[in-house]
Every structure is written in C-alpha cells, then in structure tokens.
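Asker: Below are the sequence and a predicted model; questions follow.
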Number of protein chains: 2
Amino acid sequence: MQTIVPTKNENLDRLLAESRALIEVELNSLLPSTATAPEKIHQAIRWSVFAGGKRFRPTLLLATGHAFGAANQVLIRTACAFEMVHTYSLIHDDLPSMDDDDLRRGRPTCHVRFDEATAILAGDALQTLAFRTIAEDAGLSPEIRIALIAELSWAAGTPEGMVAGQALDMEAETRQVNRAQLEEIHRLKTGALIVAAARCGAIIGGASESELGAITRYGSHLGLLFQITDDFLDVTATAEALGKTPGKDARSNKATYPALHGMEDTRAAAITAHRDACEALDQIDRPTDALRHIADFILHRTG
Amino acid sequence: MQTIVPTKNENLDRLLAESRALIEVELNSLLPSTATAPEKIHQAIRWSVFAGGKRFRPTLLLATGHAFGAANQVLIRTACAFEMVHTYSLIHDDLPSMDDDDLRRGRPTCHVRFDEATAILAGDALQTLAFRTIAEDAGLSPEIRIALIAELSWAAGTPEGMVAGQALDMEAETRQVNRAQLEEIHRLKTGALIVAAARCGAIIGGASESELGAITRYGSHLGLLFQITDDFLDVTATAEALGKTPGKDARSNKATYPALHGMEDTRAAAITAHRDACEALDQIDRPTDALRHIADFILHRTG
C-alpha cells in the first residue's frame, strides 16, 4: 500500500477509536428506529450512516472542542449533526444522475441496496435531522445553537458550501479546470464542512475571535490536505483499502490533483498543507496535540 | 370548472395577493443570485421557487402571526423558510425515480428544464437555506428561532413529517390502503408542514399553550381539507387550471379520496374538515377572520 507519507501513531489510533465509539452510540440513539414506519427509509438511513465511515468530521469537532475545554456531552450532538450532513451528501452524490457509484466503503450504495427514491428521501431526512439535532440540544444555550446551525447551513449549502462545490465539480467534468479552480471546488465541496466542524467545536468551547480565526485557518489547510490525499489514494490505493472503485475519478474526467500536477507535486502539496495546518495551531495557546494528530492522520491515511 | 363548493371572496383575494407579493419580494432577496457561481443551481432554485405557486404555507404563517399581533417584519423570513422547504419537496417529488412529473404549474419541472443532478442539488440547497433563513433572523430571539427550527425540522423529516409521508405514499402505490392509512399519509406528507406553518406564526406571536393547541387543531383540519381538495381537483380540473396533467394520481394507482370513497363522500369530507377547522378557531379569542378566509379559500379552490 502506497501512502503519501507512511507513519504510525498509537495515541492517535486510540483517540480515533474512542471518538468513533462515542459518536456511533449517539448516532444510534438519534436516528429513527427501523421498527418505526416508514421502515424502509429508516433502514436506508442506518445502512448509510453505519457503513463503516471513519467519522472524521465529528472526531475533528470533538477534538477541537476538547482543545477549548468543552466536554463530550456538549459536543456530541453537533458532532453527529455533521456526520448526518456528510452522510446525506454521500447518498445523494452516489446517485446515478450524480457520480453514479455502486460501491461505497466496500458495500452497495444506498440506491443500489434500496432504490433511488428511497436514497433521495433518506438523504433529505438526514439533512433535516441534522438541524433538528442541534436545535434540540438542551445542553447548549439557544445563542450557541443558533450560531452552530448558521455555521452548518453556510457550510452545507450554496454559494459558499458543499452543494456549490458538488455543482462546480460536476461542471468541471465537461471542461478543463486550472489549479485555482480545482482548489475552489475542493474548498467548497469538502473543505467548507471540515472548516465548519472545527469552528463549531471551538464555538462550543468558547474560543475567542482570534482563536476562532486560527482554527478556521487550520481547518482550511486540513480540508485541502484531506482532498489532496483523497485524490492521491484514488490513483494509488487498491479497491479493498478504499472500499470503492479506484481510478474512477480519472476515468470520469474529474479534476484531481494528480491529473493536473502529477504524483510528486501532489505529494509536495500535501506536505505543505499539513505544515500550514500545524502552523495555524502554533498561534493558539491551548492543548492542540489531538488536532495535530488529526493532521498527521490525514497526511498518512491509507483509505 | 367544477369545484367542491364554489364561491368568491374579494377580501380574501386581496389578502392573498398582498401576502404573496410580500413573500415574493423577500424570497427574491433571500435566494442566491443567478449571477453568482454555480449559476445553474441558482437558476434551478429560482426556476422552481418562482414558478407561480400560491404561497399557501407562508400566507398561512403570516395570517396566523397576524391573529396573535405579530408584524410581517418578524414573520416573513420564517414564512419564506416554509416555502423553501415546500419547493424543495416538490423538486424532489417530481424526479423520475419519485413521481416522475414533467409539468408543474404549467411549466417544465426542474429536472426537465435543467437536469436530474441539478434538481437534486437545488432541492438540497433549498432545504439548507430554509434552516439558515430562520437561524439568521435577527428580528427574533434565539429562543424563538430554536423553537421554529425544531418545528420545521419535525414537520419536514421522518418519522413524523413530510419525508415519512412521501415514503408511505410511494409504498401505497403497490398495495391497497384503507381510509385510516390514507389519512395518515396525508397527515404526514401535506398536513405536517401546514400545521407547523400555522404553529410557527402563533409561536412568533406569543400564543399561549391553549391557543397553540387550538391552532394545531385548526392546522390539522386545514391540512386534511387541503389534501382532499387536491385529490378532488386531480379528478375534475382541466390541465390548464391545474398546471399539471390531471388524472395522474388515478393512473399511477395513488391512494386518493375519490378513488377510495367516490366524489360525493369526498365532497362531504371536505365540508366536514372545513367546519372542524373553523370550530377550532372558535376556541381562540383573537381576530381569526383571515384564518377562516384561508379555510374558505381551500374549500373553494379551483387549482
């Protein structure tokens, strides 16, 4: 298995495993039961949410919150809301009229396992539930909840968020894009939600304006790093490690880093993004080890 | 043109026209510009939002708010949020894998005018924008905004809202449903958002618990009335008046009132629902004329 920069960090592995367990327990309690009608939609929601994802966005939110002294108890629901929005976007992106993916994390995608209509509705319902989950978080003040919902909604929508990025990405399949355009697509499609997850952790933790600024820069570089490594893995990883068909981006004429810049420049861009993310953390006088570990993890990930 | 109970009310016509004008000005200012990238998504959003809808849900919200003394200024953004959620649901329901409708309000549906991927993303973005619109309403306290977002999210999602209703409705195409099941589908698919629109107007207006209870009952009966007249019009109206292909429900084996109970019982059920809605208003010592007019309007509507 080729990775951008191979390494191993046992503390980080434990951190990720613990966060993931916590997040999955909470997701399980927040999602509608498959015993409740309409059962098929609820099965489809759980099929996609419990598909073995890394829980990267909620883990990032927890770790950022911890850096500012917040407890899991006041972070966990918002963390889960980000995973719900992320999962809804995967379900919709996989649809035949979008990226047309049959396999995700080694399993049939939602519309393949169920049907297209069910997948559309499951995604719709997950987005709705994300906002409800924050709105009903009794552990946070109404002021904070409103701020979090505003953050999430800007990051998920258009023109400054995920939906805008997906739209630009689909347009890019039919024409050449340059490096600046590619970074803009990534910033919106993947980066916005990652930045918002980090910012929401900091907001719940009561970060100052300047701290929030540093976390925003950290999140931006981390989001870029995430997308660069994603593109890199699409070229190098095996289907087994990736859980989806590798090389698909290149075949569908998607704009990617390796396609535009070659493998060596892609590797260098990843190392730069990682360094920039860590430098942003240098400006905060808080315990940011876990946030650095997360940047390491993204740089070194294999799937 | 055959209607359930024909009539004419000029005061009501003026009320609806005024509300509609106000709502459309605000929607125009809230929706992303078609001059901003990604342009196609923003064009698709505006294509569907400005397709000549009656603005029934936002008008109901304004009228309920007025009954409790609230000004347009504190009602209008939440009213628009309801129209955004309603429009998103129409865009997604019209998709080929859902109801597969080519025509809506006399114009090509979003996926026909643009493409399926754009329609899915436009719907997704409208839902996101609905929640952002309320979250950023500086005219309302954070407590009220949170309460409104919770209302809207329950009404739009599953298992107690619109997505659940749409899922049950699609299941019903493949099997027989009885009257109770049909009413449950309607309650969720159409009723929940109508009830929530009325409730949100009352919440912004500071309604008491018992007043909110009466408004909830009013909204429930109004929602049922709305769906009964919808089914009725599908059988009787011309394509021109309806702006879509009439008789489509019957052909696609959809559960409808006329199919289950015949035209005369359908007419009687509408009159009962209208009476029940008005009786709920009798329990409130507030100026509810406009809310009665709205019930009249639904009973008498021709399209």
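Answerer: Okay, I see it. Note that the structure is a prediction, hence the values are computed from the model and not measured.
Asker: distance of A:A71 from A:R57?
Answerer: From A:A71 across to A:R57, the span is 19 Å (C-beta to C-beta, to the nearest Å). Bear in mind the C-beta positions are built from the backbone N, C-alpha and C, glycine included.
Asker: Which one of those two is surrounded by more residues?
Answerer: A:R57 (26 against 13; other C-beta atoms under 10 Å in any protein chain shown).
Asker: and the residue located most distally from the centre of chain A, what does it touch?
Answerer: In chain A, counting by C-alpha atoms, centre = their mean, A:A37 sits farthest out from the average C-alpha position, at 29.5 Å. A:A37 makes contact with B:159, B:164, B:168 under the criterion C-beta atoms under 8 Å, 6 or more residues apart in numbering or on different chains.
Asker: So which of those residues belong to helices?
Answerer: Using DSSP state H to define helices, the subset of the contacts of A:A37 located there is B:164, B:168.
Asker: Please enumerate the strands of the stretch 1-150 of chain A.
Answerer: With DSSP state E, counting those that start in this stretch, the ranges of strands along the stretch 1-150 of chain A come out as A:103-104, A:107-108.
Asker: now the last one: mean pLDDT?
Answerer: To tie it back to what came earlier, the one meant is strand A:107-108. Per-residue pLDDT values across strand A:107-108 average out to 96.
Asker: Over to stretch A:25-35?
Answerer: Averaging pLDDT along stretch A:25-35 gives 98.
Asker: Just the residues contacting stretch A:159-178, thanks.
Answerer: In contact with stretch A:159-178 (C-beta under 8 Å, 6+ apart) are residues A:85, A:89, A:93, A:98, A:153-158, A:181-182, A:184-193, A:252-255, A:260, B:32, B:36-38, B:40-42, B:117-118, B:121, B:124-125, B:128.
Asker: Distance from the chain centre to it, please.
Answerer: Put simply, stretch A:159-178 sits 17 Å off its chain's centre (C-alpha atoms, centre = their mean, to the nearest Å).
Asker: Now that stretch: average pLDDT?
Answerer: Stretch A:159-178 shows a mean pLDDT of 91 in the predicted model.
Asker: Buried ones in it, by neighbour count?
Answerer: The neighbour-count check on stretch A:159-178 (16 or more other C-beta atoms under 10 Å in any protein chain shown) flags A:159-172, A:177 as buried.
Asker: Go through these and say which is closest to B:D231.
Answerer: Proximity to B:D231 was ranked across the buried residues of stretch A:159-178 by C-beta to C-beta; first place goes to A:V163, at 33.6 Å.
Asker: Grab the nearest non-local neighbour of that closest one.
Answerer: In space, not counting the residues next to it along the chain, A:V163 is nearest to B:A125; the distance is 4.5 Å by C-beta to C-beta, 6 or more residues apart in numbering or on different chains.
Asker: What is the neighbour count of the one you found?
Answerer: Around B:A125 there are 29 other residues, counting by other C-beta under 10 Å.
Asker: Am I right that it is in contact with A:T158?
Answerer: Yes. Because the distance of 4.6 Å satisfies C-beta atoms under 8 Å, B:A125 is recorded as touching A:T158.
Asker: any shared contact partners between these two?
Answerer: With contacts taken as C-beta under 8 Å, 6+ apart, B:A125 and A:T158 have A:164, B:41 as neighbours in common.
Asker: Buried residues, stretch A:206-219. List them.
Answerer: Counting neighbours by 16+ other C-beta under 10 Å, one finds that the buried residues in stretch A:206-219 are A:207, A:211-215, A:217-219.
Asker: Tell me which of the residues you listed fall in helices.
Answerer: Residues of those located in helices (DSSP H): A:211-215, A:217-219.
Asker: how far away is the residue lying closest to A:I149 once chain neighbours are set aside from B:T128?
Answerer: Using C-beta to C-beta, 6+ apart and skipping the chain neighbours, the partner closest in space to A:I149 is B:A135 (4.2 Å). Relative to B:T128, B:A135 is positioned 11 Å away (criterion: C-beta to C-beta).
Asker: what is in contact with the two at once?
Answerer: Between them, B:A135 and B:T128 share the contacting residues A:S153, judged by C-beta under 8 Å, 6+ apart.
Asker: which one of the buried residues of stretch A:159-178 is nearest A:L224?
Answerer: Minimum distance to A:L224 across the buried residues of stretch A:159-178 is 12.6 Å, recorded for A:G165 (C-beta to C-beta).
Asker: quick revisit: which one of the strands of the stretch 1-150 of chain A lies nearest to B:I284?
Answerer: Taking C-beta to C-beta as the criterion, strand A:103-104 is the member of the strands of the stretch 1-150 of chain A that comes nearest to B:I284, at 51.1 Å.
Asker: The closest one pairs with which strands?
Answerer: Taking DSSP bridges as the criterion, strand A:103-104 forms sheet pairs with strand A:107-108 (antiparallel).
Asker: Residues of the stretch 1-150 of chain A that sit close to chain B?
Answerer: Taking C-beta under 8 Å from any C-beta of the partner chain, the part of the stretch 1-150 of chain A that reaches chain B is made up of A:32, A:36-38, A:40-42, A:88, A:92, A:95, A:97-98, A:115-118, A:120-121, A:123-125, A:127-129, A:131-132, A:135-136, A:141-143, A:145-146, A:149-150.
Asker: If you go by neighbour count, which of those residues are buried?
Answerer: Among the residues of the stretch 1-150 of chain A next to chain B, those scoring as buried are A:32, A:37-38, A:40-42, A:88, A:92, A:95, A:97-98, A:116-118, A:120-121, A:123-125, A:127-129, A:131-132, A:135-136, A:142, A:145-146, A:149-150 (criterion: 16+ other C-beta under 10 Å).
Asker: Of those, which belong to helices?
Answerer: Of these, the ones assigned to helices by DSSP H are A:40-42, A:88, A:92, A:116-118, A:120-121, A:123-125, A:127-129, A:131-132, A:135, A:142, A:145-146, A:149-150.
Asker: which secondary structure element contains the nearest residue to A:I215 once chain neighbours are set aside?
Answerer: Distances taken as C-beta to C-beta, 6+ apart place A:A202 nearest to A:I215, at 4.5 Å, with adjacent residues excluded. Assigned by DSSP states H and E, A:A202 belongs to helix A:192-204.
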